[in-house]
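Peer 1: structure here, sequence nowhere to be found:
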């Protein structure tokens, strides 16, 4: 079985899902099995996130899981109610903040779940998001790249989908998974069209797009000017 999942290392333990219906915790030094969860009905390709003594991830079985990090037992699982596996929250890398787990899935919904119980705090399809998400360094803002041009910032503290800003970043139609990273006030993400974008995390202003051929020239020629 292929191992498509992205590993996560915490202290001396590696956590990873695979295509055999298992999610494992392994000793990082020896590779020996610490525990395994056998309740999956589909493969795992995402990287999990850890918080509150739980590990969170989605799988291609339409479910999103929370396991107890100590022994791999199921804390809770959540399903978006869609029939079939194609709307599974499986490709998105979840983010955590303020007691909430945030995901965006192929059903175009943005969802906030209570990390302790798995209860839905809010869900919205206002922005046509899909498998792209990020969290600010301070944990106060959650971002997503929409399927057509737009980037949206919501308040991570709110118990409803509270918009902070929404801007047109001009990247066209794009639904490929692309996680968003914020550092020092700049959100960075890529697109299938060969663009790397930088956006002001406070205002949403587009700071720069860089074409992939420009990146190649910059790598080869330090004096290159766009």
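Peer 2: That came through, no problem. Keep in mind the model is a prediction, meaning the values are calculated, not measured. Numbering: from 1, shown residues only.
Peer 1: grab the nearest non-local neighbour of residue 184.
Peer 2: residue 137 (8.0 Å; CB to CB, 6 or more residues apart in numbering). In short, each C-beta sits where N, CA and C put it, glycine included.
Peer 1: what does residue 173 give?
Peer 2: Nearest non-adjacent residue to residue 173 (CB to CB, 6+ apart): residue 148, at 5.5 Å.
Peer 1: got the phi and psi for that neighbour?
Peer 2: phi -130, psi 100 (degrees, to the nearest 10).
Peer 1: mind giving me the domain split of this structure?
Peer 2: 1-90, 103-226 (automatic domain parsing).
Peer 1: can you tell which of those domains is closest to residue 97?
Peer 2: Residue 97 sits nearest to domain 103-226 of all those, at 3.8 Å, using CB to CB.
Peer 1: chain center to that closest one, what's the gap?
Peer 2: Relative to the centre of its chain, domain 103-226 is centred 10 Å away, using CA atoms, centre = their mean, to the nearest Å.
Peer 1: now stretch 2-12
Peer 2: The answer for stretch 2-12 is 15 Å, by CA atoms, centre = their mean.
Peer 1: separation between residue 10 and residue 33?
Peer 2: 16 Å (CB to CB, to the nearest Å).
Peer 1: and what of residue 128?
Peer 2: For residue 128, the distance to residue 33 - CB to CB - is 41 Å.
Peer 1: the two: who's more crowded?
Peer 2: residue 128 (16 against 11; other CB atoms under 10 Å).
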